[in-house]
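**Student:** here is my input; please provide its structure:
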Amino acid sequence: ICSCGMEVRSQKYTVNHSKDCDGTEFTLHKLVVNTPSTPQCVLCETYPTTISRYTDHLYSNHRSNLRSNGIFLKCSCGLDVRSSSYNPNHSNRCDGSEFTIHKLDPLSYPQCVLCEKYPNTISGYAQHLWKYHKSSLDSNGIYLRCSCGFDVHSTKHNPDHNKKCDGRQ
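**Tutor:** Here you go, the predicted structure:
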């Protein structure tokens, strides 16, 4: 905590804050991690303290990621984080230390027409059909309707739509 009262959570922010403030003394405080406000990993009993630590933890300890576990993180600033490569500009504006963990409901996604799985993205659905059934959306006479209203017949059908919606809905 700076002598001006500003709480600074990393050395990077200390340097930036020093440019704007004539406060020269910083008091170091230990970040308490096992608090009720710190979300627990859904796969173990670890309490990661930031979004980037949580995504790193998933990979290094569980060889997994957010998407494969049907998890998304909601930052206190309002950003939904659905992959480990979240917006790098976000980390420049926000330290990501206040976030909640949400598990996606698999039944809110369409079930595969050929098995019991529930892929959680449009591109994931098409990839699932190919990987596990050597099939495609078109060959089964099906299409998926994105929440934006666009009908998706294949992952290559409309690349502009894929970029805009990222196949999330």
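**Student:** and residue 117, how far from residue 128?
**Tutor:** Applying C-beta to C-beta, to the nearest Å, the value for residue 117 to residue 128 is 6 Å. In this view, the C-beta of every residue, glycine as well, is placed from N, C-alpha and C.
**Student:** have a look at those two and say which one is more surrounded.
**Tutor:** Between residue 117 and residue 128, counted using other C-beta atoms under 10 Å, residue 128 has the larger neighbour count: 19 against 15.
**Student:** SS state for the residue lying closest to the more buried one once chain neighbours are set aside?
**Tutor:** Nearest residue to residue 128 in three dimensions, chain neighbours excluded: residue 119, at 4.5 Å (C-beta to C-beta, 6 or more residues apart in numbering). Classification of residue 119 by DSSP: H, G, I helix; E, B strand; the rest coil places it in coil.
**Student:** would you check that residue 119 makes contact with residue 131?
**Tutor:** No: Residue 119 is beyond contact range of residue 131, at 10.1 Å (criterion: C-beta atoms under 8 Å).
**Student:** ok, those two, which is more surrounded?
**Tutor:** A direct count of neighbours by other C-beta under 10 Å for residue 119 and residue 131 places residue 119 higher, at 19 against 10.
**Student:** quick one: that one from residue 135, how far?
**Tutor:** Counting by C-beta to C-beta - residue 119 and residue 135 are separated by 13 Å.
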